[in-house]
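K.L.:
structure for the following, please:
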Amino acid sequence: MLRLNEITTEYTGMKALHGVSITVDDNEIVAIVGSNGAGKSTLLKTISGTAKCTSGKVLFRDADITQMEAHKRTSLGIIHIPEGRQVFPSMTVIENLEVGAYCRKARASLSENLRHVLEFFPILKQRSKQLAGSLSGGEQQMLAIGRGLMTTPLLLMLDEPSLGVSPLLTSFIFDTVKSMHEKLKFSVILVEQRAVEALELCDRGYVLESGRVNMSGTREELMGNPMVQKAYLGVA
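P.N.:
Below you'll find the predicted structure:
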């Protein structure tokens, strides 16, 4: 589905990604783990088109989208949920969700997608008329993910969904992402500092260090790797 070939991305003349190559297959969950500043968020921005790469290619379903504008990538089904729960605080929960169905394809499936979102996140149904800014951090994260689901994703990219969320709600969100993935059959890229949860959820993963892919493999290969265990899983 997605291939990044030797991608380099710069900010103000400084390289944030150095020749990064990754693949994501149909109906696959891929985790991206690494420390702060490793380039994880930049990687997602490069895929979504909100950061421009200076070299390399981004291929989506065999089409070269390297120079494609971000909103056109969204219309293709590439949905990016950035860190920080960027909801519209002065709009209600239901209005936030409806905003997610702005493109033609999503509008045609609005009722069905809304039903899915409220099934996966029943608290949003209870809060449907409440202003998004009055929700808890965990509820806002659910709303942000739900709004992304309203866009009928083929590839859903989640950037630090556990950030500022309680451990209990984090577990619920991860379990729900897995359920969404299994029922609706789309691919997921999960960027997370909570490496244990991310690797347990994924089919495959990549470890980024200083803007480079340092390691990759299946869930079992990465969780069993002594270097990953020591650096990210808390194993001495």
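K.L.:
helix or strand next in line after the helix or strand of the chain with the lowest mean pLDDT, which one?
P.N.:
Using mean pLDDT, DSSP states H and E, helix 104-108 stands out as the lowest-scoring helix or strand of the chain, at a mean of 77. Scanning forward in sequence from helix 104-108 by DSSP states H and E, the next helix or strand is helix 110-120.
K.L.:
could you export that following helix as CSV, CA atoms only?
P.N.:
Extracted in CSV, the C-alpha atoms of helix 110-120 (Å, rounded to 0.1, in the frame of the first residue of the first chain):
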residue,chain,number,x,y,z
LEU,A,110,-21.4,9.8,6.7
SER,A,111,-24.2,7.9,8.4
GLU,A,112,-22.4,4.5,8.3
ASN,A,113,-19.1,6.0,9.5
LEU,A,114,-20.8,7.9,12.3
ARG,A,115,-22.5,4.7,13.4
HIS,A,116,-19.1,2.9,13.5
VAL,A,117,-17.5,5.8,15.5
LEU,A,118,-20.2,5.8,18.1
GLU,A,119,-20.1,2.0,18.4
PHE,A,120,-16.3,2.1,19.0
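K.L.:
hang on, the earlier thing: quick one: contacts of the least confident helix or strand of the chain?
P.N.:
By C-beta atoms under 8 Å, 6 or more residues apart in numbering, the list of residues contacting helix 104-108 from outside reads S75, G77, G100, A101, N113, M150, T151, T152. C-beta coordinates here come from the backbone N, C-alpha and C atoms, glycine included.
K.L.:
go with 10 Å
P.N.:
With contact meaning C-beta atoms under 10 Å, 6 or more residues apart in numbering, helix 104-108 is reached by 74-77, 79, 98, 100-101, 113, 149-153.
K.L.:
just stretch 4-19 next, same as before
P.N.:
Residues from elsewhere that reach stretch 4-19, judged by C-beta under 10 Å, 6+ apart: 20-24, 37-43, 45-47, 51-60, 64, 66, 208, 210-213.
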